[in-house]
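Q: from the sequence below, what's the structure:
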Amino acid sequence: MRPINLILLSLVFTSYSAHASSEAAWKKNDQNLKTACIKVSQLKNTKVVSDIISFDDQVGYSALVLEGNYPQAHMKNKLGRELCLWQRAKQKAFIAEADTLLKLKK
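A: Predicted coordinates for the structure are as follows:
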């Protein structure tokens, strides 16, 4: 095998292994996402009520739905939902009210 082919082949294997993520890394990322989303939530007693939805790497976001109670007195502890978008590259969470995203149980 020529030296250039050997170098190219080793670069391919090196770059592949550098991008592979372990199960533990995925679990840690999922936990970071959930923790960050709950932290920026405007609801009280917030909990995650959906699976994580991961968009393609070109988009760079993951999403999940949170549920909790509105803290404002005039809302009388009403149940509410929020959509959390997680920007994977910057490890940052963004929240939007999402009461109409999924039907709420009364």
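Q: all the helices of the chain, in order from the start?
A: Assigned by DSSP state H, the helices in the chain fall at 3-19, 23-40.
Q: among those helices, show the one with the smallest mean pLDDT.
A: In terms of mean pLDDT, the lowest-scoring of the helices of the chain is helix 3-19 (a mean of 52).
Q: how near is the residue nearest to L66 when sequence neighbours are not counted to A25?
A: In space, and not counting its chain neighbours, L66 is closest to E82: 4.6 Å by C-beta to C-beta, 6 or more residues apart in numbering. Where you see a C-beta, it was placed from the backbone N, CA and C, and this is true even at glycine. According to C-beta to C-beta, to the nearest Å, E82 and A25 sit 26 Å apart.
Q: the more surrounded of the two?
A: E82 (23 against 10; other C-beta atoms under 10 Å).
Q: now do the contacts for that one.
A: With contact set as C-beta atoms under 8 Å, 6 or more residues apart in numbering, E82 has these partners: S41, Q42, L43, T46, V65, L66, E67, G68, I95, A96, E97, A98.
Q: ok, K92 next?
A: Here K92 is in contact with A36, W86 (C-beta under 8 Å, 6+ apart).
Q: go with 10 Å
A: A36, V40, L85, W86 (C-beta atoms under 10 Å, 6 or more residues apart in numbering).
Q: pLDDT score assigned to the last one?
A: According to the per-residue confidence, W86 scores 98 in pLDDT.
Q: so it is in contact with N32, correct?
A: Yes - using C-beta atoms under 10 Å, W86 is in contact with N32, at 8.3 Å.
Q: now do the shared contacts for these two.
A: Contacts common to W86 and N32, judged by C-beta under 10 Å, 6+ apart, are A93.
Q: neighbour count: the two, which is higher?
A: W86 (25 against 14).
Q: that's all I had, so thanks and see you.
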